[in-house]
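Student: sequence first, predicted model second:
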Amino acid sequence: MPPAFPERAAWGTASSLRAWQQQALEAYFGGSGGRSPDEQGGTDGQQSGPRDFLTVATPGAGKTTFALRLARELMERRVISAITVVCPTEHLKRQWAESAARVGVKIDPEYQNGQGPVGKDFHGVAVTYATVAARPALHRNRTESRKSLVIFDEVHHAGDGLSWGDAVREAFEPAARRLALSGTPFRTDINPIPFVQYDEGPDGIRRSRADYTYGYGPALADGVVRPVIFLAYAGEMRWRTRAGDEITATLGEPLTQDQTAQAWRAALDPKGDWIKQVLAAADRRLSELRRVIPDAGGLVIATDHETARAYAKMLRAVTGQGATVVLSDDPGASKKINQFAESDDRWMVAVRMVSEGVDIPRLAVGVYATSTSTPLFFAQAIGRFVRARKRGETASVFLPSVPTLMGHASEMEEERDHVLDRPVREDGLDDDLLAEANREVDTPDVGEELPFETVEASATFDRVLYDGGEFGMHAQPGSAEEEEYLGIPGLLEPDQVSALLRKRQADQIAGERKQKTGDPRADRTAAEDIATLRRELNGLVGAWNHRTGKPHGVIHTELRAACGGPAIAQATAEDIQKRIAKLRDWATKRRP
């Protein structure tokens, strides 16, 4: 039975488990997880379940609860007698220990390599991947000394470097059981992830194979996660290059990769007005959500420590309240995160610290104010906002109108696997280019070259992305058109969000038509033409959704497969026109 079956509600039939978690347990104990005995590493007749099991569940779905329930079950069956949890960060070690304690499992999060034997009062330890890589032989001896279950939290980190992968293999090859968990089992490199099975497809490319998968789309339908509304902001950017040239570009319009990188940097620069205007808009959205979610909080994900502190000062100016600042080198970072999670404070500003795994369910508004563009980081960052506490809650994430980010946002429901045998670089803006754009130099490289300097940066509301569709048109910050989207109610079911966005867009288009006189196409820019085509396509997609019942994101994916071209956020006018024609063709030839 699927998790959404009426008699097995999304929240599960047992008070401690959701339906997907129960189903994953049944998959574990009911079969080999799709692997042959040779692949599993063998079991004896009295032990049930495979030796290796990869569970992929969308961030916020409850992977920790599933893993701890499985651990208890294996201990009760005497399959294991010890547990090792391997995490990406120090903070997550403590979070795992706290969660385990609530179900009667004692995990030592303070274990260090020089400590020696694990305390007798503990069932196991929580360590980081870096700790394991420092002394893999030590952890191998621990694993061999007792029948161990090793839980790899966000297992893709085991492939952060070839040396880390080798260390993880050496340390935990003797484990009786290995449970790998990930919300995003893909990587932007081609380093293989230890203990993950790869299958070669017809195209000769090897892809990771999960034993149980619970994606964002099913979790959204089940009410386990919140729908995410992305609010994209464009704007006029002006900057001075190291050579002293002054360049102007509009974020959100077609630009070269280098121009996009520089305009993106200018937008995030605290010296400009773009980030100030976006933070103010995000705080107005947070106020709207707090009408129905009184403790709703916001998170700004910053690129570095200096900008994080600057953003916190801006938020104090906007709200009159201080913001919690969490920096990666702050020894009190974990304490600050916990204090914020338990408070009703409005804002936190962080540099990477809460991009992955950290559980703050009240986060409902985000500002993606970092230049990191990999799909892995983006998915993990957005995962901080999707955890639902009750049905109807919505999350809102503000981001720059950059093609790469727009593509990630429009493909939220797409399930990915880790792919080997492919070029390392992916389509879209390259992180190396952004790193170069952000590079600081103490002395000019040549002659009288000057460092990058933001001259001017202003924000314009661009559009809303939701369920693979795009809604809205350009509007100035503080305008009635922008407020129409910032004021979307905070408690809505996913289909209600779609309906409201379509209505808001229709009202905006109707209002624009009333104001126009003469030729409606006069003085139009290329960006406006593309925006018009997008609206037309989204209207047709909405109609096809009503006719077929398919989600908007699925329809957009099918159109892209049929017509070629990039994701809708990066598509040209010609690409969009092809999809419009294809959808009209489907409407005349296909039955629902």
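Tutor: Yes, it's here. Residues are numbered from 1 along each chain as shown.
Student: CA atoms for contacts and neighbours, from now on please.
Tutor: Fine.
Student: list the buried residues of stretch 254-266.
Tutor: Taking 16 or more other C-alpha atoms under 10 Å as the neighbour-count basis, stretch 254-266 is seen to contain the buried residues 254, 259-266.
Student: closest to residue 367 out of those residues?
Tutor: Using C-alpha to C-alpha, the shortest approach to residue 367 within the buried residues of stretch 254-266 belongs to residue 264, at 14.0 Å.
Student: output the buried residues of stretch 254-266 as CSV; include the columns pLDDT.
Tutor: Written out in CSV, the entries for the buried residues of stretch 254-266 read as follows (pLDDT from 0 to 100):
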residue, pLDDT
254, 78
259, 88
260, 89
261, 90
262, 91
263, 93
264, 94
265, 93
266, 94
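Student: TSV for those, including distance to residue 408?
Tutor: Listed next are the buried residues of stretch 254-266 as TSV, based on distance: C-alpha to C-alpha, whole Å:
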residue	distance to residue 408
254	17
259	20
260	16
261	17
262	20
263	19
264	16
265	19
266	21
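Student: show me those residues that map onto helices.
Tutor: By the criterion of DSSP state H, membership of those in helices covers 259-266.
Student: so which of those comes closest to residue 499?
Tutor: Comparing those against residue 499 with C-alpha to C-alpha picks out residue 264 as the nearest, at 31.7 Å.
Student: quick one: the helices in the stretch 301-450 of the chain?
Tutor: Secondary structure of the stretch 301-450 of the chain by DSSP state H, counting those that start in this stretch: the helices cover 305-319, 333-342, 375-382, 403-410, 431-438.
Student: out of those, nearest to residue 25?
Tutor: Sorting those by C-alpha to C-alpha, the top spot, which is the nearest, belongs to helix 375-382 at 24.2 Å.
Student: the closest one: how far from the chain's middle?
Tutor: With C-alpha atoms, centre = their mean, to the nearest Å as the basis, helix 375-382 stands 3 Å off its chain's centre.
Student: how far off helix 403-410 does it point, in degrees?
Tutor: Regarding helix 375-382 and helix 403-410, their directions subtend 60 degrees when assessed with axes from the mean of the first three to the mean of the last three C-alpha atoms, to 10 degrees.
Student: keeping just the C-alphas, turn helix 375-382 into PDB.
Tutor: Once non-C-alpha atoms are left out, helix 375-382 reads as follows in PDB (Å, rounded to 0.1, in the frame of the first residue of the first chain):
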ATOM      1  CA  PRO A 375      21.700  21.400  -6.700                       C
ATOM      2  CA  LEU A 376      22.900  19.500  -3.600                       C
ATOM      3  CA  PHE A 377      23.400  22.600  -1.500                       C
ATOM      4  CA  PHE A 378      20.200  24.200  -2.800                       C
ATOM      5  CA  ALA A 379      18.000  21.100  -2.000                       C
ATOM      6  CA  GLN A 380      19.500  20.800   1.500                       C
ATOM      7  CA  ALA A 381      19.000  24.500   2.100                       C
ATOM      8  CA  ILE A 382      15.400  24.500   1.100                       C
END
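Student: can you tell me the average pLDDT over that helix?
Tutor: Across helix 375-382, the average pLDDT comes to 82.
Student: mind giving me the packing neighbours of it?
Tutor: Here helix 375-382 is seen to pack against helix 403-410 when contacts are counted using 3 or more C-alpha pairs under 8 Å, 6 or more residues apart in numbering; DSSP states H and E.
Student: go with 10 Å
Tutor: Secondary structure elements in contact with helix 375-382, counted by 3 or more C-alpha pairs under 10 Å, 6 or more residues apart in numbering; DSSP states H and E, are strand 363-369, strand 395-400, helix 403-410.
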